[in-house]
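K.L.:
Below is the sequence, then the predicted model.
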Amino acid sequence: MAGRERVVRMSVEQPLWRALTAYRVLTLVYAALLAGFGREQYERPWVAVAFLVFLALWTAVTLPRVANAASCTKRFLGLDLVVALTGILLTPLADFDAQHSDGPTLPSIWTAGSVLAFALKGGWRWAAFASTLVAAANIVERGEPSEDTFHNVLLVWVASIAIGYVVEVARASERTLARALEIEAATRERERLARDIHDSVLQVLAMVQRRGTALGGEAAELGRMAGEQEVALRTLVSSGLVPTTRVSEDSAEGAVVRVVEAEGPQSAESDLRTLLAPHASSRVTFAEPGAPVLLAAGAARELAAAVSAALDNVRGHAGPDAQAWILVEDEPDEVIVTVRDDGPGIPEGRLDQAAGEGRLGVALSIRGRLRDLGGTAELISVPGQGTEVELKVPKVSRGKAGTAR
């Protein structure tokens with residue numbers, strides 16, 4: 001199908017990376033304000049100023065590094081953690097009383113951003129490693145750590161590990177979602193191919209079998225071979241062995257689903273009446289509204305194919321003398337097409353038996369198509385009183401008509 005390919009990235013962790021970027025900037029400002037308000041306590045203020053200037057430059061230059069998981073490399077994480085640890089260990093050089101007080105370190109809570117980057121990149125194990133090094137640096141910086149020091153260290157340790165665990169769960173969920181979307185797309189493609197096979201190859205094989213049996217002689221042998229191939233092909237279709245292609249893949253940033261969107265004439269509207277009119281004949285009565293019945297081109301084609309499949313069932317099961325009627329109703333929100341015949345009807349349980357034998361005309365060619373369009377197909381049959389198939393399709397399709405996954 002002609003169209004353009006759109007790559008949809010679904011990553012629940014991307015907002016966390018954006019939040020981390022904002023966190024690093026805000027905590028840098030906070031660390032600078034703390035140093036400014038407490039500048040009188042520094043015996044060597046130039047140490048604090050030099051480090052904070054470097055920290056500001058480092059934060060500004062490395063903002064793109066914390067934009068996503070791909071750009072946040074192991075090398076960057078290591079250097080970023082070294083910057084945080086250096087700031088902690090430099091604090092006693094700027095403030096001689098730092099080891100005997102509960103005041104903030106030079107980087108203050110900016111350090112937690114470095115640990116959180118480990119958590120987002122590698123999960124809870126990486127977070128545990130980074131937070132343990134930060135805890136050790138804080139204990140060394142304090143010399144004789146107080147209860148508040150242990151409290152702050154434990155808070156960073158637990159919070160970073162928890163966030164890392166959440167990220168791992170989110171990534172596992174994305175992989176599960178990608179697999180589910182892949183299975184759904186493969187199933188829909190398999191059903192579409194099965195419908196096409198049923199509407200073309202299987203119908204021709206069934207016709208050859210019937211005509212060959214009726215003609216006899218060498219034609220009967222040809223009909224027998226066609227019947228065998230029909231059974232084999234129906235078994236292949238019903239077993240789900242119709243080949244399909246993969247439509248999704250995992251990336252470092254989350255699930256990637258490739259969607260081919262129809263464009264141009266594919267997405268235009270079609271008059272359903274023009275697609276159904278060729279079915280009218282001496283045995284098929286076609287009743288239509290006086291005004292055009294407009295549907296999306298893909299939806300109109302699928303609905304017309306479902307009507308054709310219903311008429312095939314009439315010809316194949318209602319007998320050569322059966323009459324059929326097609327009624328099209330154009331409602332404000334939906335289009336309703338009713339196909340009715342005066343045949344013998346469908347015995348109870350026959351549809352389930354046919355599905356078990358691999359005869360999936362109603363299940364695939366009719367109900368499957370309507371389900372993909374977001375509509376419904378209702379079959380009403382009373383033995384001896386004919387069969388009625390009611391097809392309903394919404395004007396704004398909720399299905400996948402015109403879109404291939």
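P.N.:
Ah, there it is. Since the structure is predicted, the reported quantities are computational estimates derived from the model, not experimental observations.
K.L.:
Same question for the strand or helix carrying R273: list its buried residues.
P.N.:
Taking DSSP states H and E as the criterion, R273 maps to helix 272-276. Using 16 or more other CB atoms under 10 Å as the test for burial, helix 272-276 gives 272-273, 275-276. For glycine as for every other residue, the C-beta is placed from the backbone atoms N, C-alpha and C.
K.L.:
Next secondary structure element downstream of that helix?
P.N.:
With elements assigned by DSSP H and E, the helix or strand that comes after helix 272-276 is strand 284-287.
K.L.:
Quick one: distance of that following strand to the chain centre.
P.N.:
Per CA atoms, centre = their mean, to the nearest Å, the displacement of strand 284-287 from the mean C-alpha position of its chain is 42 Å.
K.L.:
Return the residues in contact with S108.
P.N.:
27, 30-31, 34 (CB atoms under 8 Å, 6 or more residues apart in numbering).
K.L.:
Type out the ChimeraX command that picks the buried ones from these.
P.N.:
The buried residues among the contacts of S108 can be selected in ChimeraX (16+ other CB under 10 Å) with this line:
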select :27,31,34
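K.L.:
how about the contacts of S108 in TSV, adding secondary structure, pLDDT and distance to A305?
P.N.:
Converted to TSV, the contacts of S108 look like this (DSSP: H, G, I helix; E, B strand; the rest coil; pLDDT from 0 to 100; distance: CB to CB, whole Å):
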residue	secondary structure	pLDDT	distance to A305
T27	helix	92	61
Y30	helix	91	65
A31	helix	90	67
L34	helix	87	71
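K.L.:
of all the contacts of S108, which comes closest to A299?
P.N.:
Ranked by distance to A299 (CB to CB), the contacts of S108 are led by T27 at 53.8 Å.
K.L.:
Identify the residues contacting the helix holding R273?
P.N.:
So helix 272-276 is contacted by 286, 288-289, 292-295, 300-301, 303-304, 307, 326, 328, 335, 337 (CB under 8 Å, 6+ apart).
K.L.:
what about the nearest residue to P292 once chain neighbours are set aside, neighbour count?
P.N.:
Leaving aside its sequence neighbours, P292 sits nearest to D271 (CB to CB, 6 or more residues apart in numbering; 4.3 Å). Neighbourhood size, D271 [other CB atoms under 10 Å]: 15.
K.L.:
so D271 bridges to which residues?
P.N.:
With DSSP bridges as the criterion, D271 is bridged to L294.
K.L.:
Quick check on the contacts of helix 272-276: which are buried?
P.N.:
Applying 16+ other CB under 10 Å to the contacts of helix 272-276, the neighbour count classes 286, 288, 293-295, 300-301, 303-304, 307, 326, 328, 335, 337 as buried.
K.L.:
Could you find which two of the contacts of helix 272-276 are furthest from each other?
P.N.:
P289 and R301 (19.1 Å).
K.L.:
Now the phi/psi pair for A296, please.
P.N.:
Main-chain torsions, A296, degrees, to the nearest 10: phi -50, psi 140.
K.L.:
Wait, it touches D271, no?
P.N.:
No. Under the criterion of CB atoms under 8 Å, A296 is not in contact with D271, lying 11.8 Å apart.
K.L.:
quick revisit: may I see the buried ones among the contacts of helix 272-276 organised as CSV, with distance to F51 and pLDDT added?
P.N.:
Putting the buried ones among the contacts of helix 272-276 into CSV (distance: CB to CB, whole Å; pLDDT from 0 to 100) gives the following:
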residue, distance to F51, pLDDT
F286, 85, 88
E288, 82, 87
V293, 75, 90
L294, 70, 90
L295, 68, 90
A300, 70, 90
R301, 69, 87
L303, 71, 90
A304, 74, 88
V307, 77, 88
I326, 82, 92
V328, 78, 91
V335, 71, 93
V337, 76, 93
